[in-house]
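Asker: predicted model and sequence below, questions to follow.
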Amino acid sequence: MKKMLLVGGVGYIGGCVTDLFSGLPDYEITVYDNLLYESRYLKEVNFIYGDIRDEAKLGAIINDYDAVVWLAALVGDGACAIDAETTEKINFSAVKWLTDNYKGLIIFMSTCSVYGINNMLIDETAATNPISLYAATKLMAEQYLVDNAKDYLIFRLGTLYGISDSFSRPRLDLVVNVLTLKAVVGEKLTVFGGKQWRPILHVKDVAYAILYCIENNVRGLYNLSERNVEISELAQEIAQIIPSTKIIYKETKFEDLRDYKVLNTKIKTAGWLPKYSLTPAVEEMAQLFKERRVKDVRDPVYYNVEHLKQNGGKI
């Protein structure tokens, strides 16, 4: 029996990770979370309410677990820009503390945003070029892990999409999800520039990658993505899935300057392959929106930066 602590396990990625591992007889999982985006947590799993900056609380339990899946973070350029000091404490200092105080396997979620702008098809050896505080703090954390952790697995995640589970809030600030929402409600998809590249990945494939790597003793640092796609091509694919969708192209570049395409050869060579693809994920989300299962799609809770601003930036 492997004991795992899912730190930040109530979040977007944590939802599907929790569901996957709680259904496996060889794993005993505990979720540790401060419910930043939730007012309750009703899943039938072990749960500890706590903040990752509470070193005394974490320190008292952390080494009771064989593996720690570290999902806790401030995610996104806008969310991280609200309070730089808090961002550094959460995205870097807490990870440094974990590395210095934990003896088992650390599974850490980084981001392909560490590449910033790069017009080549790049692998994990490419030069990093973070152009936001979010990317910079994630890079600092992963570098500290590489240099100091006893046992680690790091994923540089592509841009996520899809529905995670039946409990966790859907994120409506991710490009595939927001374009799908706009298409369903009849808004035109405005594509600024459109030639920017992104690696995309279904959120549930993160959970399966974690499981695969644990089961097969895969360690190291990996790009994790399904495929690379231009933003304009992404809009066109969504328009084909949702009939009557209109696209407007504008030459003005979007404020998000990231532009990169990554190779996932290293993780595929280790034996992992993505299970999910765009079309069924867009269809699933479209059905969710059509049935009004998200009552108010403008509620700030579905948008990281807006939710934090609504809370006055207090985390």
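Answerer: Nice, I can see it.

Asker: all helices for the stretch 1-150 of the chain, in order.
Answerer: 12-22, 55-61, 77-81, 84-88, 94-101, 133-148 (DSSP state H, counting those that start in this stretch).

Asker: now swap in the stretch 201-315 of the chain and tell me
Answerer: 203-215, 231-241, 265-269, 278-290, 304-310.

Asker: what helices or strands is the second one leaning on?
Answerer: Applying 3 or more CB pairs under 8 Å, 6 or more residues apart in numbering; DSSP states H and E, one finds that helix 231-241 makes contact with helix 175-184, strand 189-192, strand 197-202, strand 247-250, helix 278-290. Bear in mind the C-beta positions are built from the backbone N, C-alpha and C, glycine included.

Asker: hmm, try it at 6 Å
Answerer: helix 175-184, strand 189-192, helix 278-290 (3 or more CB pairs under 6 Å, 6 or more residues apart in numbering; DSSP states H and E).

Asker: got the CA coordinates for the shortest one in PDB?
Answerer: Right, the one you point to is strand 189-192. Extracted in PDB, the C-alpha atoms of strand 189-192 (Å, rounded to 0.1, in the frame of the first residue of the first chain):
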ATOM      1  CA  LEU A 189     -14.200  33.700 -31.300                       C
ATOM      2  CA  THR A 190     -11.800  36.600 -31.600                       C
ATOM      3  CA  VAL A 191      -8.300  35.500 -32.500                       C
ATOM      4  CA  PHE A 192      -5.500  38.000 -31.900                       C
END
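
Asker: dump the residue contacts of the residue nearest to Ala136 when sequence neighbours are not counted.
Answerer: Among residues not flanking Ala136 along the chain, Pro130 sits closest, at 4.3 Å (CB to CB, 6 or more residues apart in numbering). By CB atoms under 6 Å, 6 or more residues apart in numbering, Pro130 lies in contact with Val114, Gly116, Ala136, Leu139.

Asker: try it again at 7 Å.
Answerer: Ser113, Val114, Gly116, Ala136, Leu139 (CB atoms under 7 Å, 6 or more residues apart in numbering).

Asker: now swap in Thr125 and tell me
Answerer: Applying CB under 7 Å, 6+ apart, no residues qualify as near Thr125.

Asker: and Ile107, by the same measure?
Answerer: Here Ile107 is in contact with Ala67, Val68, Val69, Trp70, Leu153, Ile210 (CB under 7 Å, 6+ apart).

Asker: which of these has the most neighbours?
Answerer: Val69 (30 neighbours; other CB atoms under 10 Å).

Asker: and Asn46, which of the helices of the stretch 201-315 of the chain is closest to it?
Answerer: helix 203-215 (17.7 Å; CB to CB).

Asker: give the buried residues for the closest one.
Answerer: Val203, Lys204, Asp205, Val206, Ala207, Tyr208, Ala209, Ile210, Leu211, Tyr212, Cys213, Ile214 (16 or more other CB atoms under 10 Å).

Asker: isn't the fourth one up against Ile13?
Answerer: Spelled out, that is Val206. Yes. Here Val206 reaches Ile13: they are 5.3 Å apart, a contact under CB atoms under 7 Å.

Asker: show me the shaky parts of the stretch 151-300 of the chain.
Answerer: 194, 252-256 (pLDDT under 70).

Asker: ok, now with 80
Answerer: 193-194, 251-258 (pLDDT under 80).

Asker: for stretch 126-138, what is the average pLDDT?
Answerer: The pLDDT scores in stretch 126-138 average 96.

Asker: and what of stretch 102-121?
Answerer: The model assigns stretch 102-121 a mean pLDDT of 95.

Asker: could you tell me the end-to-end distance of it?
Answerer: 35 Å (CA to CA, to the nearest Å).

Asker: quick one on the thing from earlier: wait, which of the helices and strands packed on helix 231-241 is closest to Ser244?
Answerer: Of those, nearest to Ser244 by CB to CB is helix 175-184, at 8.6 Å.

Asker: C-alpha coordinates for the closest one, PDB please?
Answerer: Extracted in PDB, the C-alpha atoms of helix 175-184 (Å, rounded to 0.1, in the frame of the first residue of the first chain):
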ATOM      1  CA  VAL A 175      -7.900  28.800 -23.900                       C
ATOM      2  CA  VAL A 176      -9.700  25.700 -25.100                       C
ATOM      3  CA  ASN A 177     -12.300  25.900 -22.300                       C
ATOM      4  CA  VAL A 178     -13.100  29.600 -22.900                       C
ATOM      5  CA  LEU A 179     -13.300  29.300 -26.700                       C
ATOM      6  CA  THR A 180     -15.700  26.400 -26.200                       C
ATOM      7  CA  LEU A 181     -17.800  28.500 -23.900                       C
ATOM      8  CA  LYS A 182     -17.900  31.400 -26.300                       C
ATOM      9  CA  ALA A 183     -18.900  29.200 -29.100                       C
ATOM     10  CA  VAL A 184     -21.700  27.600 -27.200                       C
END
